[in-house]
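Asks: 3D, please:
(one chain, ligands or ions: 1)
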Amino acid sequence: MNIDLANYKVWFLTGSQHLYGPHALGEVQRHSQQIAQSLDASSRVPVRVVQKPVLTTPEEIRDVVLAANAAPDCIGLVAWMHTFSPAKMWIAALQRLQKPLLHLHTQFNEEIPWSSIDMDFMNLNQSAHGDREFGHIAARLRLRRKVVVGHWTDGDVQDAIGVWSRAAAARQDAQTARIARLGDNMREVAVTEGDKVAAQACFGYSVSGYGVGDLVEHIDAVSDADVDALCAQYDDQYEMSAPLQRGGPRRTSLADAARIELGLRRFLEQGRFVAFTDTFENLHGLKQLPGIAVQRLMAEGYGFGAEGDWKAAALVRAAKVMAAGLAGGTSFMEDYTYHFAPRDAQVLGAHMLEICPSIAAARPSCEIHPLGIGGKDDPVRLVFGAPPGPAVNATVVDLGDRFRMVLNEVDVIAPAEPLSRLPVARALWKPRPDLKTSAAAWIYAGGSHHPVFSQALRAEHFEDLADMWGIELAVIDADTRLRRFKQVLRWNDAGVFPRSEYL
Ligand code: MN
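Replies: Down below sits the predicted model:
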C-alpha cells in the first residue's frame, strides 16, 4: 500500500471585487497564479496546489465552493484576499463549505517599496485589510479554519500550509476508510469501546467486525512457495536470531508467521481495508498472535489497533497518511512501564509485539519468544529501539457525548543501559513538561493507553486534523500547567464541542 499525497489537490482561491477595474484584476490574477504555482512547486507542500480564477461575485464564490465540495480529489481550500473582497459575498459559499479551509494571510509584495510607493500600489496590495474582512465573516460563521500569516515565499509559511495539507489528506482518507475488526474488543476494557455510528458521522470511516475464521480462510489458501519467498525476504531484511534461521529449530514458526502475514494482507486487500484490529482473546484457528505480520503491514501504511482498539487503528492510519514521505516513523504504541527516578522520570513505550519498524533506529532483529497471554504458539516479532529526538503521542477517546483528542509532546532518549533481555520493540521517552505533569494531565483528560506515536509528525499536524474533524484537542507540552489544563477541560465539558461540526 503506497500513500501518494501528490494525488490530492488543494484549490487556491483569490478574492477580489470589480471596484478596481479590469487592469487591476488582471494583475491580481497573475499574482495569484504565481503564488499558487510557487506553493505547488514547493517541496514543503506535498499535495498539488491548483489556482482558480479570481473571484469577484457571490455567484462565482458559491459555484467554486460547491464544485470543491463535489470534487473527490479536492481536499481543501486555501483562500487569500489579494484586494478587498466584501465578505457578505462569501456568506452563502462558506455556509455550504464541506472541505477544510486555510486562510492564507499573505501579500504579493514582500516589502514596502519606500521610494516608489504610490496609490496604484496601495490599490493593489490590500490584503492587510482585505483578509481581515474575510477573517471577520469566517469568525462570525464560527468556521473552523487555519490562519497562516506571512509572505508566501517564507519557508515557515509554506511549511504551515504543508502541515495543514497533510492533515487535509488524512481527513479525506478517513472519509472513505474501511476498518476491519478481527474479533471484538478485549473483554471488559473501556477505552477501546466507543460509538461507531458517531465515529462514522464525525470522521467518515466505517468499522466492521469479522470472525477470525474469515482471516483463517485466507491464511489457509496461501501457497508454500509464497511462504518460502517471504521467509527469504525476512532473511534479507532483518538480523535473524539463530533459532529462526534456515535450518534452525524454530524455522517452522517463522513459516507460520509468514503465512499469517500473507493471509492477512490478502484479507485486507480484498476488503479494501486501510486499518485493522485484532485481539489475543479471539485467535481461533491462528497458530500465533500476529506479530511480525502486523508490524510489517503497519510499516506499509496500514493503521492498527491491538485488543480491538479501532479508534487507535483509525488514528494510526490518519497519522500514516499525514506522515507520508517525511523522515521518522509512526507506530501504534502503549505506555508500558515507568522509570520513576527523581528529576529524570521516563516512560518505556512498547506493546506485546505490535510496534511499527518505521521507528527502528537500526536494522530490526527477528526473534521468537514465549507470550504469556493468548494461549497460542510463541509469536515471531521484530525487536528494535527508536532513535532519540522529539516525538508526539496522540489519541482519540469517546467521552460519550463527544470525541476528544489528547496529545503529548515527548523527547525520545537512548536507554541508560541496553535492554538485552527485553524481547519487544520499544521507545523510551521523557514527556514534556515532565512525567508527573504529563501523566496527570493525560489521566485527567481520559486519554487511552494506546496512543499513536510519531517521530515524523508534530503537534501542529494533529491540531489541524482535530480542527478539521471538529473535535476537542487537549495538548500537553512544555508549557502545560496542571491547574490551567484542568480548567480548560472543565470549560470544554461545558458543551462547546458538539459531536461534529462538519455534519
Ligand atoms: Mn494494549
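
Asks: going forward, measure contacts and count neighbours with C-alpha atoms only.
Replies: Will do.

Asks: Pretty sure residue 456 sits against residue 325.
Replies: No. The criterion here is Cα atoms under 8 Å, and residue 456 misses it with residue 325 at 9.2 Å.

Asks: Compare these two (neighbour count), which wins?
Replies: residue 456 (22 against 13; other Cα atoms under 10 Å).

Asks: Give me the residue at the spatial middle of the chain.
Replies: residue 319 (2.4 Å; Cα atoms, centre = their mean).

Asks: now the helix or strand containing that residue, how far from the centre of its chain.
Replies: Using DSSP states H and E, residue 319 sits in helix 310-322. Relative to its chain's centre, helix 310-322 lies at 6 Å (Cα atoms, centre = their mean, to the nearest Å).

Asks: Sheet-wise, list the partners of the following helix or strand past that helix with their directions.
Replies: Counting by DSSP H and E, the next helix or strand C-terminal to helix 310-322 is strand 330-332. Strand 330-332 has the following sheet partners, assigned by DSSP bridges: strand 452-454 (antiparallel).

Asks: Buried residues in the strand it pairs with, which are they?
Replies: Buried residues in strand 452-454, counting neighbours by 16 or more other Cα atoms under 10 Å, are found at 452-454.

Asks: Next: stretch 47-57.
Replies: 47-51, 53-57.

Asks: Restricted to helices, list these.
Replies: Per DSSP state H, helices hold no members of the buried residues of stretch 47-57.

Asks: Can you pull out the low-pLDDT segments for the chain?
Replies: 496-503 (pLDDT under 70).

Asks: and residue 249, how many residues sit next to it?
Replies: Using other Cα under 10 Å: residue 249 sits among 11 other residues.

Asks: What strand or helix carries it?
Replies: Judged by DSSP H and E, residue 249 forms part of no helix or strand.

Asks: which residues touch the residue nearest to the centre of the chain?
Replies: By Cα atoms under 8 Å, 6 or more residues apart in numbering, the contact set of residue 319 is 170, 330, 452, 454, 457.

Asks: that older thread, closest one to residue 165 out of the buried residues of strand 452-454, please.
Replies: Within the buried residues of strand 452-454, the smallest distance to residue 165 is 17.6 Å, found for residue 454 (Cα to Cα).

Asks: Count residues in the vicinity of the nearest residue to the closest one once chain neighbours are set aside, would you?
Replies: By the measure of Cα to Cα, 6 or more residues apart in numbering, the closest residue to residue 454 outside its immediate chain neighbours is residue 330, 4.2 Å from it. Using other Cα under 10 Å, residue 330 has 31 neighbouring residues.

Asks: how about residue 330, what does it touch?
Replies: Contacts here follow Cα under 8 Å, 6+ apart; on that basis residue 330 touches 316, 319-320, 323, 356, 358-359, 452-456.

Asks: what's the answer for residue 66, then?
Replies: Taking Cα under 8 Å, 6+ apart as the test, what residue 66 contacts is 93, 96-97.

Asks: Same list, those residues, but as TSV with neighbour count and secondary structure please.
Replies: Formatted as TSV, the contacts of residue 66 follow (neighbours: other Cα atoms under 10 Å; DSSP: H, G, I helix; E, B strand; the rest coil):
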residue	neighbour count	secondary structure
93	19	helix
96	12	helix
97	21	coil
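
Asks: any idea how far residue 85 is from the residue lying closest to residue 89 once chain neighbours are set aside?
Replies: With Cα to Cα, 6+ apart as the criterion, residue 89 has its nearest non-adjacent residue at 4.5 Å, and that residue is residue 58. Remark: distance between residue 58 and residue 85 (Cα to Cα, to the nearest Å) = 10 Å.
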